[in-house]
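Colleague: Structural data only, the sequence is not supplied:
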Ligand SMILES: Nc1nc2c(ncn2[C@@H]2O[C@H](COP(=O)(O)OP(=O)(O)OP(=O)(O)O)[C@@H](O)[C@H]2O)c(=O)[nH]1
């Protein structure tokens, strides 16, 4: 970055610079006259880590990255074009500008020290007004960016809660949400039931039809569950070929009939849409439990698991209900 002139000695006009629009050039000229005009080469960094300064692009363009102090640096770059400025905020809060500023091409910049900016503000209402407008615009832009990031964050959070193969909720979701559902059921004394589901002889299915068809069978089983539930019910892939259905506001008797319905639909499910292939069936075993007073989510899962074990032991392809 080298000084090639001063603003007073250069041919640049005050009125062309956005910050000085609608201000009296005669009033500003004496204050700006001694300010250096510097030249930066393409790719050269402009930021000075030690002083708060304002730069106005006279020719060329600057790329300004997000402030690294905030931990928000995310690759977002703003382009500063002729007439526009950068560094106003660092001047106002008297902190060095830590945003990485790089010349996108060979550029000429007007460099204004913080003390001079303050004098310009003191002497010209027009400069103060323009600065306020600019800051308000920057705040709006930063808020919009923040909202976009929040939405993106929420999108990824939800994505991380869904099982990639079956599109059911995953264990992370369960760990997050089940304790809350259990606590809320205790608080409101509303019934809460849980059904553990395990596909029968799934190892044999994989061995006979291959792992990819096994995956397809898991997707089919997941569709059976999600297609048969109320919007308030939740289906989860608990792990491997084990799934779970959570039924809020549902008594054990009702949960048992839901499980019977799911068991029947599982038997009827068409695993492969391609009719040229043999039609393998899947069946599943179901263990049903309802939340008992004082019980936590682990105990509820254990009770449903024990019932599932009994369904397996007594022949599979059936529903067993937890003993109370
Ligand atoms: N294709 C596929 N198979 C899986 C997946 N996750 C787990 N498995 C298989 O599921 C099978 C589970 O086998 P086991 O736990 O022995 O149970 P099972 O053969 O279903 O027997 P029972 O549960 O007693 O009826 C294993 O062979 C796993 O490899 C998956 O994502 N895709």
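Modeller: Sure, I can see it. Please read all numbers here as calculations on a predicted model, not as lab measurements.
Colleague: Point to the residue nearest the middle of this protein.
Modeller: Residue closest to the mean C-alpha point of the chain, counted by C-alpha atoms, centre = their mean, is residue 153 at 1.2 Å.
Colleague: Can you give me every residue that contacts that residue?
Modeller: Neighbour list for residue 153: empty [criterion: C-beta atoms under 8 Å, 6 or more residues apart in numbering]. Using the backbone N, CA and C atoms, a C-beta is placed for each residue, glycine as well.
Colleague: Let the chain start at 115 from now.
Modeller: Yes, from this point I'll number from 115; that puts the last item at residue 267.
Colleague: Please tell me how far it sits from the ligand.
Modeller: 28 Å (C-beta to the nearest ligand atom, to the nearest Å).
Colleague: Residue 414 now?
Modeller: Plainly put, residue 414 is 21 Å away from the ligand if you go by C-beta to the nearest ligand atom.
Colleague: That residue touches residue 405, doesn't it?
Modeller: Yes: with contacts counted by C-beta atoms under 8 Å, residue 414 reaches residue 405, the gap being 5.3 Å.
Colleague: and the helix or strand where residue 193 lies, what other elements does it pack with?
Modeller: Assigned by DSSP states H and E, residue 193 belongs to strand 191-194. Judged by 3 or more C-beta pairs under 8 Å, 6 or more residues apart in numbering; DSSP states H and E, the packing partners of strand 191-194 are strand 176-179.
Colleague: what pairs with the strand it packs on, and is each one parallel or antiparallel?
Modeller: Applying DSSP bridges, strand 176-179 is found paired with strand 191-194 (antiparallel), strand 215-217 (antiparallel).
Colleague: Can you name the element that comes right after the longest one?
Modeller: What it means is strand 191-194. strand 199-200.
Colleague: Neighbouring strands of that following strand in the sheet, and parallel or not?
Modeller: For strand 199-200, the paired strands and their directions (DSSP bridges) read strand 167-173 (antiparallel).
Colleague: re earlier: in the strand holding residue 193, what counts as buried?
Modeller: For strand 191-194, a neighbour-count test (16 or more other C-beta atoms under 10 Å) marks 192, 194 as buried.
Colleague: one step back: mutual contacts of residue 414 and residue 405, please.
Modeller: With C-beta under 8 Å, 6+ apart as the test, residue 414 and residue 405 both reach 296, 306, 308.
Colleague: I'd like to know which of the strands paired with strand 176-179 is closest to residue 423.
Modeller: With C-beta to C-beta, the closest approach to residue 423 among those belongs to strand 191-194: 58.0 Å.
Colleague: Can you classify residue 245 by secondary structure?
Modeller: Residue 245 carries the three-state label helix when classified by DSSP: H, G, I helix; E, B strand; the rest coil.
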